[in-house]
Structure formats: structure tokens, C-alpha cells
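**Student:** Need coordinates for the following:
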Amino acid sequence: MKHTFGLIAAALVLSSAAQAQTKWDLPAAYPATNFHSVNLATFAADVDKATAGKLKITVHPGASLFKAPEIKRAVQGGQAQIGEILLAAYQNEWQMFGADGLPFLATSYADSMKLYNAQKPILQKKLAEQGMTLLYAVAWPPQGIYSKKPVTSAADLKGSKWRAYSPATSRIAELVGAQPVTVQAAELSQALATGVVESNMTSGATGVDSKLYEHLKYYYDVQAWLPKNAVIVNKKAFDALDKPTQDALLKAGAEAEARGWAASQKVNTDTLAILKTNGMAVEAPSAALKADMQKVGDTMVKEWLEKAGPEGQAMLDAYRK
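**Tutor:** Alright, predicted model coming up:
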């Protein structure tokens, strides 16, 4: 009998310890070495430390738990409690998600932060309606053009197989007469090796992640836009945490945001140097290419406004203030 009591007592101690610990999964789409993923790992460690192991977040980088397009739905449906998404990839669902993927609207880190501040209240409202909350967001380095052959104007991109990863990148291809091919970051090296893709527009960071210098010769630093990754949390999962744990999570998120933006700027400088070291020609765009791409940008902002309506106009006005 005594022995049984001992077992029950031990079981109770174990179950209360298990209840005291909450486990969350955080799916992410980029390689473990990418600065966003490194930042997520630090964030998870910070949460673990701040909550004394009460909230354990396991980061699943490289699209290992859910593929990039599935992550938002997974968090919304509670299959994952927290996740990292590329906002611009969801523009077809709601135009505001794509505001930071509009070419030549916000082309520097300072402008990108200004755009984020204009976007944030609207994003929070939309995500709340979908049962989620925005924890933090970090900009990618500015996007440039990678190509197999020299590009002196938009005409040089005509007919080339262009990697698209969002509605905006597909539309750019259409406007310059390239052929858009949808390829996620995890499959980019393969697509280049097999000739499925000959040109694309992405950051220096992705260029290094995917070793684009092994297949492409030129990088034009057009600084078209700085898309953001956002870390989103399932509202029910958040509400189930006690107040000290919620506070620890929010604080770790705010720190991850500040750290991430600083890391992005450093990565931008470092990765362009790595592309050069590996034999890639890293060049400023010609005046003609710049003017052509600005025209593409103007068209796309106009088209975006037609779809985004008064909400989009209000956000742009707040940004341009």
C-alpha cells in the first residue's frame, strides 16, 4: 500500500512538472544559418531563460516542419503555436500583407522601419481577426537583381526565366517581359543548377544562403524593397500562458526585433562582400536600369492602391507623412 502511495505521489510530482512546462513549435522557412533563423534560436533561448524553462520553444528552420506557404495557416489553426512568415507572400490573401514588397516604395532601412510603423496597427488588427497576434518583424536586406548575363536596362531581362516567390515578384517579371517561375528559397539552388531559373530578385543574404554565385554572374544592387519576416503567435496559445510568461515572451520578442534589424544591416554589408569574394560582379544599376525599375515600381504601387482601397491609401499617407 505504502509503495502504491509512493508511486502516486511521484506521478503527481511528475504531472505537475509537466503541466508547469509548455512546449511550443516554431516553424520557419529559411536555413538554420540564415540570420533570421539564428535570431529565432536566440529568441527561443531567451524565452527559456526568462521563464526558467516554463515555456520551451523549438525552432524548426529550413521548412522542416511546414513549407513556407503553409506556416501561416498552421499557426492560425493551432498546429503550431508560433511561426515565422514572409509577409509579402500573403499579398493575394490581403493586399496590406504585400506593402513591403512594393518595389521602390521603401528602399532603405530607415524608410523600411517607417513603413513598418505605418503598417503595424493594420497588421495587428487583421491578425487579431484571424486569431493571431504579431510578436515582431524584421526586414530582409534590400533586394537586388541577380542574372546570368549583364543587365543594362529592363530590356535585357526580356524572356529570361525569372524566379518568383510572391505576387509582386511575379508581377515585376510580367512588366519587364520575363517568364516568372515560382520557386521557394529552399529549392532555389536546385532550380538554378537545372536551368529552371536564370535571373531573380532577392537579397544578398539569400544569394549567399543559396550560393547563387555558383550559377549566376552578376548582382545589381538596385535596393528595390526590404520585405519583412514576421513572427506570429496563435492567440489561444498566448492567452493560455500565465501573465509572467506572456510578459517574458513579449520582452524577448521586442529584443529579437531590435537585434534582427541590426543583424540585417550587418548581413547586407557582409553578404555583398562574400558575393564579390566568390567571383560575382556586384554593381550599382545603370541609370537606364534604375529608371526602368522605378517605372515598374510606380505602376505596381498604383495597381496595389486600386486593390487595397482607402485602407491602403491611409497607410501610404501615414508612411509618406
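
**Student:** just checking, P227 touches A139?
**Tutor:** Yes - counting by Cβ atoms under 8 Å, P227 does reach A139; the two are 7.2 Å apart. No exception for glycine: its C-beta is placed from N, CA and C like everyone else's.

**Student:** Where do the strands of the stretch 151-300 of the chain begin and end?
**Tutor:** Using DSSP state E, counting those that start in this stretch, the strands of the stretch 151-300 of the chain run over 161-164, 179-182, 199-203, 218-220, 228-234, 281-283.

**Student:** Quickly list the domain ranges of this protein.
**Tutor:** Annotated domains of the chain cover 22-139+227-272, 143-224+280-320 [automatic domain parsing].

**Student:** and A52, which of the strands of the stretch 151-300 of the chain is closest to it?
**Tutor:** strand 228-234 (20.3 Å; Cβ to Cβ).

**Student:** Which strands border that closest one, and is each parallel or antiparallel?
**Tutor:** Each strand that pairs with strand 228-234, with its direction, by DSSP bridges: strand 82-86 (antiparallel), strand 132-139 (antiparallel).

**Student:** What is the distance between the last one and the centre of its chain?
**Tutor:** So the one you mean is strand 132-139. Once both centres are worked out by Cα atoms, centre = their mean, to the nearest Å, strand 132-139 turns out to sit 10 Å from its chain's centre.

**Student:** In the chain, where is pLDDT below threshold?
**Tutor:** 1-19 (pLDDT under 70).

**Student:** Turn the strands of the stretch 151-300 of the chain into JSON lines, columns for mean neighbour count and distance to L127.
**Tutor:** Formatted as JSON lines, the entries for those read as follows, by neighbours: other Cβ atoms under 10 Å; distance: least, Cβ to Cβ, whole Å:
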{"stretch": "strand 161-164", "mean neighbour count": "23", "distance to L127": "25"}
{"stretch": "strand 179-182", "mean neighbour count": "16", "distance to L127": "25"}
{"stretch": "strand 199-203", "mean neighbour count": "25", "distance to L127": "24"}
{"stretch": "strand 218-220", "mean neighbour count": "21", "distance to L127": "34"}
{"stretch": "strand 228-234", "mean neighbour count": "25", "distance to L127": "6"}
{"stretch": "strand 281-283", "mean neighbour count": "16", "distance to L127": "37"}
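
**Student:** Reformat the ones you listed as JSON lines; add distance to T51.
**Tutor:** Formatted as JSON lines, the strands of the stretch 151-300 of the chain follow (distance: least, Cβ to Cβ, whole Å):
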{"stretch": "strand 161-164", "distance to T51": "40"}
{"stretch": "strand 179-182", "distance to T51": "40"}
{"stretch": "strand 199-203", "distance to T51": "33"}
{"stretch": "strand 218-220", "distance to T51": "43"}
{"stretch": "strand 228-234", "distance to T51": "15"}
{"stretch": "strand 281-283", "distance to T51": "44"}
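
**Student:** and the angle from the helix or strand harbouring I122 to strand 132-139?
**Tutor:** Using DSSP states H and E, I122 maps to helix 109-129. On the basis of axes from the mean of the first three to the mean of the last three Cα atoms, to 10 degrees, helix 109-129 is oriented at 170 degrees to strand 132-139.

**Student:** my guess is E257 meets Y136, correct?
**Tutor:** Yes - assessed by Cβ under 8 Å, E257 is found in contact with Y136 at 3.7 Å.

**Student:** more crowded one of those two?
**Tutor:** Y136 (24 against 18; other Cβ atoms under 10 Å).

**Student:** Look up how far L65 lies from that one.
**Tutor:** 20 Å (Cβ to Cβ, to the nearest Å).

**Student:** Ok, T299 next?
**Tutor:** Relative to L65, T299 is positioned 38 Å away (Cβ to Cβ).

**Student:** next one: V296
**Tutor:** 35 Å.

**Student:** one step back: nearest to F104, out of the strands paired with strand 228-234?
**Tutor:** Comparing these by Cβ to Cβ, strand 132-139 comes nearest, at 15.3 Å.

**Student:** Can you list the neighbours in contact with that closest one?
**Tutor:** 36, 39, 75-76, 82, 87, 100, 109, 112-113, 116, 120, 123-124, 127, 226-235, 238, 249-250, 253-254, 256-257, 260-261, 263-264 (Cβ atoms under 8 Å, 6 or more residues apart in numbering).

**Student:** Just the buried residues out of those, in ChimeraX syntax.
**Tutor:** Entered in ChimeraX, the line below selects the buried ones among the contacts of strand 132-139, by 16 or more other Cβ atoms under 10 Å:
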select :36,39,75,76,82,87,100,109,112,116,123,127,226,227,228,229,230,231,232,233,234,235,238,249,253,256,257,260,261,263,264
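
**Student:** for the stretch 1-150 of the chain, what spans make up the strands?
**Tutor:** Here the stretch 1-150 of the chain has its strands, by DSSP E, counting those that start in this stretch, at 22-27, 55-60, 82-86, 132-139, 143-147.
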